[in-house]
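Asker: What follows is a protein structure lacking sequence information:
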C-alpha cells in the first residue's frame, strides 16, 4: 500500500510579499536599516531569507520596496483640497494608522546606501507628486514645508514616548497643524 502524498502547498506570492513588506517596515522603523537583518525580517514574515531575496534581490531592494509601499500619497490626493490640513492631521495622529516613513528615513541616515535610497524614494513618491499637486514655481518648496511639518508632528506625537496629549491639547495641536498645512496648500505662488 502506497502512502498518499499530499499535493504541494501553493504559495500565495501576493500575500507573502505583503507580509515581507509589513515585517520590513516594522523592522526598519524600529531598529533601523543598519541593525536589521534579512533573516530577522524573514522570520517576522514567516518565510525564508532565500524567498525574501528572490522577491527583492537584496536588503537595499527590500528597503526601497518597503519604504515605497509605506508612502500612501494617493490617500492625500483623495481628500478634498479645502480640507486637506484637517484630514492629514487626523490620519497622521490616528493610532490605527502605522506611520513609518519618518523613522525609516531617519534610521537609514547612518548608512550611505540606505540614505540615498530614502532620499530618492521620498523625492519621487512624496515631494514631487505633492509639488505637482500644489502647482506653481514654488510647489516643491511648499511640498517640503508640508513634509517638514508632518515629520515633526509624527516624530513628537507618535514616535517619542512622550505623555500623550490630553483631548484639549490634541485638538489644539490638530487645529494648529491643520491650519498650517491648509495655509501652505491654499497660498498662491510667492
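Answerer: Received the coordinates, thanks. For clarity, every value in this text was computed on a predicted model and none was experimentally measured. Numbers count the residues shown, from 1 in each chain.

Asker: Show me which helix runs longest in this structure.
Answerer: In the chain, with assignment by DSSP state H, the single longest helix is helix 167-186.

Asker: in that one, what counts as buried?
Answerer: Going by neighbour count (16 or more other C-beta atoms under 10 Å), the buried part of helix 167-186 is 173-174, 177-178, 180-182, 184-185. In short, each C-beta sits where N, CA and C put it, glycine included.

Asker: looking just at contacts, which helices and strands does that helix meet?
Answerer: Secondary-structure packing of helix 167-186 (3 or more C-beta pairs under 8 Å, 6 or more residues apart in numbering; DSSP states H and E): helix 84-93, helix 139-154.

Asker: circling back to that earlier point, is it possible to get the buried residues of helix 167-186 out as TSV so that each row also shows pLDDT?
Answerer: Putting the buried residues of helix 167-186 into TSV (pLDDT from 0 to 100) gives the following:
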residue	pLDDT
173	94
174	94
177	96
178	96
180	97
181	96
182	95
184	96
185	95
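
Asker: Can you pick out the most distant pair from those?
Answerer: Farthest apart among those by C-beta to C-beta are 173 and 185. That separation is 18.3 Å.

Asker: I'd assumed residue 45 was in contact with residue 22.
Answerer: Yes: here residue 22 reaches residue 45: they are 7.3 Å apart, a contact under C-beta atoms under 8 Å.

Asker: Which residue of the two possesses the greater neighbour count?
Answerer: Looking at residue 22 and residue 45 with other C-beta atoms under 10 Å, you find the greater number of neighbours at residue 45, namely 22 against 18.

Asker: To residue 62, which of the helices and strands packed on helix 167-186 lies closest?
Answerer: Of all the helices and strands packed on helix 167-186, it is helix 139-154 that lies closest to residue 62, at 22.6 Å by C-beta to C-beta.
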